[in-house]
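Colleague: only geometry, no sequence info:
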Ligand code: 5GP
């Protein structure tokens, strides 16, 4: 059984966060340390520690993460100019919170994707 992170407490509203979307599968909230004018974290309500732990039964949830990203990008007004979706996995990526999350970042020109 994976260890819960602070994100489980955010899902259950036990600690404050600026939640912008929530349904039966997904919660989305603003990153506490935004790296762009729009920086939202989209996470499954189910605790999945890393991308390596995604199961076939999670495919609907993974798809929902993208449709929520699309909806929120439109609401943020960044859908036309563009944005980036990022998921980090394990140490080499710099993953800090072991509850998978999609970063939705945009609102200004992001430049080329830096690798390393
Ligand atoms: P990672 O590096 O794991 O891909 O990203 C973790 C993200 O979670 C970071 O961008 C960090 O700022 C954000 N974060 C960490 N703790 C909290 C928190 O308690 N609340 C919110 N809203 N964001 C957090």
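Modeller: Perfect, I can see it now. Treat the numbers as computed from the prediction; the structure is a model and nothing was measured.

Colleague: which elements pack onto the longest strand along the chain?
Modeller: In the chain, taking DSSP state E as the definition, the longest strand is strand 38-44. Applying 3 or more Cβ pairs under 8 Å, 6 or more residues apart in numbering; DSSP states H and E, we find strand 38-44 packed against helix 6-11, strand 26-30, helix 59-76, strand 102-106. In this view, the C-beta of every residue, glycine as well, is placed from N, C-alpha and C.

Colleague: among those, which is nearest residue 88?
Modeller: The stretch from the helices and strands packed on strand 38-44 with the least distance to residue 88 (Cβ to Cβ) is strand 102-106; that distance is 8.0 Å.

Colleague: partner strands of that closest one, with direction?
Modeller: Applying DSSP bridges, strand 102-106 is found paired with strand 38-44 (antiparallel), strand 83-86 (antiparallel).

Colleague: how close does residue 42 get to residue 92?
Modeller: Separation of residue 42 from residue 92 (Cβ to Cβ, to the nearest Å) stands at 22 Å.

Colleague: same question, residue 16
Modeller: 32 Å.

Colleague: quick one: contacts of the longest strand of the chain?
Modeller: 7, 11, 20-21, 25-31, 58, 61-62, 65, 68-69, 72-73, 76, 78, 83, 99-107 (Cβ atoms under 8 Å, 6 or more residues apart in numbering).
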